[in-house]
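Asker: Okay, here's the prediction I keep looking at, along with the sequence it came from:
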Amino acid sequence: MILYFTGTGNSYYAAKRISEEINEELVSISLLMEKNEVAIELQEGESLGFVFPVYYYGIPSIVKEFVEKLELKGYKNNYIFTVITCGGTIEGAGGQLKELLSGKGYTLDFLQPLLMPDNYVLMYNVPSKEKTEALLNKSEKQLKGIITSIKAKEKVILPLGLKGRLITKVAYYFYKNGRSTKKFYADDKCISCGNCQSLCPSKAIEIIDGKPSWVKSQCVQCLACIHRCPVEAIQYGGGTSARKRYVHPSLK
Ligand SMILES: Cc1cc2nc3c(=O)[nH]c(=O)nc-3n(C[C@H](O)[C@H](O)[C@H](O)COP(=O)(O)O)c2cc1C
């Protein structure tokens, strides 16, 4: 089984490719969390994968909550792998997952980052069309190598140095205590389609008087609402209205 979380499709694409190649079922962590399904039955020899983006050099809050609740029924040292998509580096994010799993008696066997277009539009512009194409071509090659390793059940853990752990500890503090929804709003372009509401994994958006309202103080900050709004109406503070949006071609 491949468990994935995605905001803008990078991780969905990687998870889908892996699931097709190793013939394992693809399952959304958001959907499992919605249904509070946190017990997974593993068959003997079945591989289990986690594919998700890095946030603040750590793991998305929804993935963390899911793994904290996770129960692997029938686990007999099954091969567990993770591929963490990123726009730059993952630092200690893999270490976070490894520790969470080992605290529950499960061993992470394979951990690799996958460089893909950066979607952190709250601070930066997304890569240009040309750069995005080049990045996706490069990541496809990297993904092929990762799939070969996973098929062979290779045990490869990216070195988890002290520097990476420290960077994650500091950056993740801001994620844990931040991810405020206060600065989100819909501008005049909003067509009241409700897409943002149905996409939000935090269930933080409700349509009130025909416009999205952020009804929870924190969200996962996946930015699906911003990037996947069909008319680019969702904004965050003053920076996003001048920036472009990014959605992986697999979701278009
Ligand atoms: C809230 C947030 C924080 C992010 N932090 C990092 C980071 O620390 N390092 C990094 O390389 N990329 C970071 N990114 C970029 C994403 O990890 C990257 O674009 C990822 O592939 C997006 O995956 P998705 O399309 O499956 O949502 C961040 C993106 C978001 C939305």
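Answerer: Okay, I see it.
Asker: Contacts for stretch 100-107, please.
Answerer: Outside stretch 100-107, the residues within contact range by Cβ atoms under 8 Å, 6 or more residues apart in numbering are 64, 67-68, 70, 72, 75, 77, 80, 108. For glycine as for every other residue, the C-beta is placed from the backbone atoms N, C-alpha and C.
Asker: swap that for stretch 224-236, sorry
Answerer: By Cβ under 8 Å, 6+ apart, stretch 224-236 touches 7-8, 119, 121-122, 183-191, 193, 195-196, 199-201, 205, 212, 240-241, 245-247, 251.
Asker: filter those residues by proximity to the ligand?
Answerer: 7-8, 119 (Cβ under 6 Å from any ligand atom).
Asker: Now intersect those residues with the helices, please.
Answerer: Using DSSP state H, no member of these falls in helices.
Asker: Dump the residues you listed into JSON lines; add pLDDT and neighbour count as well.
Answerer: Below are those laid out as JSON lines (pLDDT from 0 to 100; neighbours: other Cβ atoms under 10 Å):
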{"residue": "7", "pLDDT": "98", "neighbour count": "27"}
{"residue": "8", "pLDDT": "98", "neighbour count": "26"}
{"residue": "119", "pLDDT": "98", "neighbour count": "25"}
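Asker: Between the contacts of stretch 100-107, which sits nearest the ligand?
Answerer: Comparing the contacts of stretch 100-107 against the ligand with Cβ to the nearest ligand atom places residue 64 closest, at 13.4 Å.
Asker: list the helices and strands the helix or strand where the closest one lies packs on?
Answerer: Per DSSP states H and E, residue 64 falls inside helix 61-69. Using 3 or more Cβ pairs under 8 Å, 6 or more residues apart in numbering; DSSP states H and E, the elements in contact with helix 61-69 are helix 29-34, strand 48-53, helix 93-102.
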